[in-house]
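# structure, please.
(one chain, ligands or ions: 1)
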Amino acid sequence: MNIRVFRTPSDAGIYAASMLERVITSSERPVIGLATGETVIPVYDALVNFVRCGLNVSHVTTINLDEYVGLAPDHPQSYHQFMDEHLFSRIGIRMQSTHLPNGVAPDLAAECERYNEVIRNHPIDMQVLGIGVNGHIGFNEPSHALITGTHVVNLTPETIAMNARFFSRKEDVPRQAITMGIQSILQAKQIMLLAFGEHKADIIYRALKDGIRTDVPASILQLHKDVTVILDRQSAARLGL
Ligand SMILES: O=P(O)(O)OC[C@H]1O[C@](O)(CO)[C@@H](O)[C@@H]1O
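Have a look, this model is predicted:
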């Protein structure tokens, strides 16, 4: 694993965006796996700046990790809206080239199958990942077993509590999500894992240094041959670098 530690999330975001630029400019049909959450905002801000300075993204396909069950694409807290606000609308990417699970599909099992097909048809060149304080990647929550393909997941009380900051009423926080599975994530040719802040220091240590465990889903990344971990000093504090 290549571990890079930056002074600020914004410096780290520029580094991550340059890694994305390399993938985008080195292929005719690049496929980027995208994440949501506070962590990736500096990456998208930097990428938007690159596009404003001339980076062409018209040939890029994007595939997001997850979406809340029960939130329609136009719901303000949906991941569709997050992506639109922080990236898609700012770089004018064609909507038909972006993929997210549909959290209000009438048949969620069929939706998971449809999403697996999308991933099969678009092998991911670079997957962007954040990490939950409980070690989740996408919404693959700590469990006795990790699930390979796209699935509906019951969010853990810890994740629901963390997500509550984005909702005005506690009872509106979604209890379930559709997430890309662990095998789909591991099949990406390259992976970047980002984490910022003191509150991520412990889980970063456990994910990178403490063996591979299903109750720390991100630790499975130790098996991938091309992972870059992008941290700030606070999240790297326990690594003893
Ligand atoms: O970046 P945050 O807001 O700390 O969230 C951590 C992770 O949890 C998720 O929201 C769940 O998928 C990820 O998108 C994110 O990487």
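# from here on, contacts and neighbour counts on C-alpha atoms
Will do.
# so which residue of this protein comes closest to the ligand?
Gly130 (3.0 Å; C-alpha to the nearest ligand atom).
# hang on, that residue packs against Thr39?
Yes. Using C-alpha atoms under 8 Å, Gly130 is in contact with Thr39, at 6.3 Å.
# what is in contact with the two at once?
194-195 (C-alpha atoms under 8 Å, 6 or more residues apart in numbering).
# neighbour count winner among the two?
Per other C-alpha atoms under 10 Å, whichever of Gly130 and Thr39 has more neighbours is Gly130, with 24 against 20.
# which parts of the chain are strands?
Ranges of strands within the chain are 2-6, 31-34, 61-64, 66-68, 98-99, 126-129, 151-154, 176-179, 190-195, 227-232, based on DSSP state E.
# what residue ranges in the chain are flagged as low confidence?
Counting by pLDDT under 70, the low-confidence segments of the chain come to 94-96.
# now Ser235: closest residue in space that isn't a chain neighbour?
Residue nearest to Ser235 in three dimensions, not counting chain neighbours: Ala201, with 4.0 Å by C-alpha to C-alpha, 6 or more residues apart in numbering.
# one step back: what's the nearest residue to the residue of the chain closest to the ligand if we skip its chain neighbours?
Leu194 (5.1 Å).
# what's the one you found in contact with, if anything?
39-40, 128-131, 229-231.
# over to His151?
Counting by C-alpha under 8 Å, 6+ apart, His151 touches 109, 112, 178-181.
# longest helix anywhere in this protein?
Taking DSSP state H as the criterion, the chain has its longest helix at helix 9-25.
# buried ones in it?
For helix 9-25, burial by neighbour count (16 or more other C-alpha atoms under 10 Å) applies to 9-18, 20-21, 23-24.
# could I get these as JSON lines with distance to Ile220?
Shown next, in JSON lines, are those (distance: C-alpha to C-alpha, whole Å):
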{"residue": "Pro9", "distance to Ile220": "24"}
{"residue": "Ser10", "distance to Ile220": "27"}
{"residue": "Asp11", "distance to Ile220": "27"}
{"residue": "Ala12", "distance to Ile220": "23"}
{"residue": "Gly13", "distance to Ile220": "24"}
{"residue": "Ile14", "distance to Ile220": "26"}
{"residue": "Tyr15", "distance to Ile220": "24"}
{"residue": "Ala16", "distance to Ile220": "21"}
{"residue": "Ala17", "distance to Ile220": "24"}
{"residue": "Ser18", "distance to Ile220": "25"}
{"residue": "Leu20", "distance to Ile220": "22"}
{"residue": "Glu21", "distance to Ile220": "26"}
{"residue": "Val23", "distance to Ile220": "23"}
{"residue": "Ile24", "distance to Ile220": "26"}
